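Visitor: kindly return the folded structure for what I paste below:
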Amino acid sequence: MIKLQGIRKTFSTGGKTVEVLKGIDLSVQKGEVFGLIGRSGAGKSTLLRIINLLERPSAGRVVVDGVELTALSERELRRARQRIGMVFQHFHLLWSRTVRENIALPLEIAGVPKREIRQRVDELVELVGLTERADAYPAQLSGGQKQRVGIARALANRPHVLLCDEATSALDPETTDQILDLLRSINRRFGLTVVLVTHEMDVIQAVCDRVAVMEGGRIVEVGPVAEVVARPQTETARRFLQQGRAADRGRILGADIPHVGPAAGSEGSAVAAGSEAGVSAAGEGAVEVFLRLELDGVSAPVVETAIRRFAADIRLCEGSLAEGPGGVRGALTVRVSGAPAVVQGVIEYWKAAGVAVTPLETLAERRVRA
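Guide: All right, here's what the predicted structure looks like:
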């Protein structure tokens with residue numbers, strides 16, 4: 001669907017030439033949600049704008065839906081851009097126009113008959129959930145509602161590709177989740193190819209199929225989100241993975257604190273008062289096992305379920321998880337302690353639930369100090 005080959009981009013400022021993109025090759029498949037993540041200045045927004053030639057590359061080829069945009073005349077390019085929608089960070093709405101009128105604008109520019117415009121606008125207003133606000137002006141809308149208008153406007157000409165430039169960075173977390181749900185729903189319903197730019201790994205994990213990590217004008221890592229989360233190959237990717245929201249991690253685990261164990265009074269119960277950090281009072285003959293858990297599309301709260309089912313003592317050491325299309329994805333390092341049969345039962349349960357379990361270290365069977 002999208003092919004970028006040998007993309008370079010330079011800017012001249014103050015008599016100096018700065019190269020912001022340094023020979024990028026990238027392919028995005030039809031129907032996928034693809035993320036570009038990087039710090040400020042990494043070149044991700046410039047790369048996104050090159051896809052529809054809002055920024056022209058200094059060198060390289062841009063091919064979208066089988067058409068080489070870099071070889072088109074300005075007239076041909078305007079026509080091709082009608083199949084590429086774009087959503088902006090700060091909405092870019094016309095404040096003197098209502099919701100309906102903002103959505104209608106690209107259709108008016110394209111010369112679509114008024115009757116067809118009304119019909120299409122009605123469809124889009126309903127799609128983005130703004131039927132009751134259709135005659136409101138931007139000043140009367142919340143940030144999330146403004147972005148819904150921006151999304152509807154970007155979809156007006158029935159594009160094949162949707163570009164999103166930091167579309168959620170100006171929104172609060174709850175509204176961000178709602179907008180991401182809307183984008184994913186649109187992707188699934190219409191088979192739309194979505195490319196989004198963000199500096200938040202939570203956004204990538206929540207909605208993307210694949211991700212490219214950018215640093216200093218280059219793509220330093222690219223792959224399926226589940227693989228990049230579970231086995232990051234670069235320090236840049238690892239740094240972004242550490243940004244995961246603790247509240248989301250706790251909700252997915254089924255707990256809100258790093259240490260989770262069976263309820264007080266239950267069989268094989270919790271940490272003894274006064275015990276050393278990281279040492280659980282699991283009783284005589286206990287074992288401790290350190291495990292790496294890799295989750296890709298797991299739907300159950302596997303840690304909480306293991307605690308309840310086996311009365312196990314489990315401590316979260318590190319990791320990052322997020323709910324995305326198809327379930328939970330990410331990786332955790334955990335410590336499981338208890339009787340050998342309990343620990344083995346937990347491991348077998350996780351494997352049956354679709355979790356990849358890798359032992360990191362097994363401590364010799366020992367008495368655990370109270």
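
Visitor: what's the first helix or strand after the longest helix along the chain?
Guide: Assignment by DSSP state H gives helix 173-190 as the longest helix of the chain. The helix or strand immediately downstream of helix 173-190 is strand 193-198, counting by DSSP states H and E.

Visitor: which residues sit against that next one?
Guide: Residues from elsewhere that reach strand 193-198 (Cβ atoms under 8 Å, 6 or more residues apart in numbering): 1-2, 28-37, 44-45, 47-48, 51, 160-169, 183, 186-187, 203-204, 207-208. Placement of C-beta: from N, CA and C, glycine included.

Visitor: sitting in helices, which of those do you find?
Guide: The helices, defined by DSSP H, take in Lys44, Ser45, Leu47, Leu48, Ile51, Leu183, Ile186, Asn187, Val203, Ile204, Val207 from the contacts of strand 193-198.

Visitor: quick one: contacts for the second one?
Guide: Ser45 sits next to Asp165, Glu166, Val197 when contact means Cβ under 8 Å, 6+ apart.

Visitor: now the second one. Its backbone dihedrals?
Guide: Per-residue torsions, Glu166: phi 50, psi 50 (degrees, to the nearest 10).

Visitor: what's around it, how many residues?
Guide: Residues lying near Glu166 (other Cβ atoms under 10 Å) number 19.

Visitor: what sits against it?
Guide: Listed by Cβ under 8 Å, 6+ apart, the contact set of Glu166 reads Ser45, Gln89, Val197, Thr198, His199.

Visitor: swap in 7 Å and give it another go.
Guide: Residues near Glu166 by Cβ atoms under 7 Å, 6 or more residues apart in numbering: Gln89, Val197, Thr198.

Visitor: kindly report the same for the first one.
Guide: Residues counted as contacts of Asp165 (Cβ under 7 Å, 6+ apart) are Ser45, Leu48, Val87, Phe88, Gln89, Val197.

Visitor: look up how far Val33 lies from the spatially most central residue of the chain.
Guide: Computing the C-alpha centroid of the chain and ranking residues by Cα atoms, centre = their mean puts Ile204 first, at 1.7 Å. The spacing between Ile204 and Val33, counted by Cβ to Cβ, to the nearest Å, is 9 Å.

Visitor: okay, buried residues for the helix or strand hosting Arg238 please.
Guide: Using DSSP H and E, Arg238 sits in helix 235-241. Residues of helix 235-241 classed as buried: Thr236, Ala237, Phe240, Leu241 (neighbour count, 16 or more other Cβ atoms under 10 Å).

Visitor: what lies in contact with it?
Guide: With contact meaning Cβ under 7 Å, 6+ apart, helix 235-241 is reached by Ile37, Met201, Val213, Glu215, Val220, Glu221, Val228, Val229, Pro232, Ser320.

Visitor: verify the contact between Ser337 and Ala286 for me.
Guide: Yes - Ser337 is within contact range of Ala286, at 5.8 Å (criterion: Cβ atoms under 7 Å).

Visitor: look at the two and report which has more neighbours.
Guide: Between Ser337 and Ala286, counted using other Cβ under 10 Å, the more crowded position is Ser337 (26 against 22).

Visitor: so where's this structure uncertain?
Guide: Along the chain, segments meeting pLDDT under 70 span 243-284, 299, 320, 322-327, 361-370.

Visitor: again, only using 50
Guide: Flagging of the chain using pLDDT under 50 yields the residue ranges 245-282, 362-370.

Visitor: quick one on the thing from earlier: restricted to buried residues, select the contacts of strand 193-198 in PyMOL.
Guide: Selecting only the buried entries of the contacts of strand 193-198 in PyMOL, with 16+ other Cβ under 10 Å as the criterion:
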select buried, resi 1+2+28+32+33+34+35+36+37+44+45+47+48+51+160+161+162+163+164+165+166+167+168+183+186+187+203+204+207+208
